[in-house]
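>>> give me a 3D structure for the following:
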Amino acid sequence: MPVFKREGRRYYQVDWAVDTYVSILGATREKSLNYNLRHFIIKRSGYIPLHRHTNVYHLQYMLKGRIKLRIGEETYIVGEGDVMYLPNGPPHGYLNIGDSDAEFLCITPLIPDKMEVVDKNKEAI
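Residues are numbered from 1 along each chain as shown. Modelled structure (predicted):
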């Protein structure tokens with residue numbers, strides 16, 4: 001499918017995160033283009049706990065807001081227009097530190113993966 005229309009698009013609460021929602025914008029397994037594009041919204045009070053993936057890396061684009069991003073032992077302040085690359089393996093987590101909702105796009109490959117929550121506490125981010 002060359003166009004994924006926004007009509008009927010749904011947002012789902014990420015059940016293992018806090019005040020965080022996701023929508024799958026599009027995915028394909030055509031030819032060698034095996035990817036998944038998602039839109040995340042982390043509410044003002046929200047966060048995505050530290051977690052890791054066995055195989056999946058992420059390429060992300062910050063649409064609005066500000067977050068604190070932890071990758072392994074490093075932390076970064078990320079804002080509108082910033083691009084994030086998260087390798088597979090190290091734990092990563094997101095904390096909304098802005099005055100409004102934080103939103104970002106996330107592209108990942110469609111390959112088998114195991115995701116593990118490492119620490120559910122907000123303070124770990």
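>>> indicate each strand paired with the one helix or strand in the chain whose mean pLDDT sits lowest and its parallel or antiparallel sense.
Lowest by mean pLDDT, DSSP states H and E among the helices and strands of the chain is strand 18-30, with a mean of 85. The pairing partners recorded for strand 18-30 under DSSP bridges are strand 12-13 (antiparallel), strand 33-53 (antiparallel).
>>> most tightly surrounded among the ones you listed?
strand 33-53 (a mean of 18; mean count of other Cβ atoms under 10 Å). Where you see a C-beta, it was placed from the backbone N, CA and C, and this is true even at glycine.
>>> next, the buried residues of the helix or strand following that one.
With elements assigned by DSSP states H and E, the helix or strand that comes after strand 33-53 is strand 58-64. Neighbour counts over strand 58-64 (16 or more other Cβ atoms under 10 Å) mark 58, 60, 62 as buried.
>>> beta partners of the second one?
On DSSP bridges, the residues paired with residue 60 through beta bridges are residue 84, residue 106.
>>> thought it was touching residue 92?
No - in this structure, residue 60 is not within contact of residue 92 by Cβ atoms under 8 Å, at 10.2 Å.
>>> any common contacting residues for those two?
residue 86 (Cβ atoms under 8 Å, 6 or more residues apart in numbering).
>>> residues in contact with residue 93?
47, 48, 49, 50, 51, 69, 70, 119, 124, 125.
>>> separation between the second one and residue 114?
This means residue 48. 17 Å (Cβ to Cβ, to the nearest Å).
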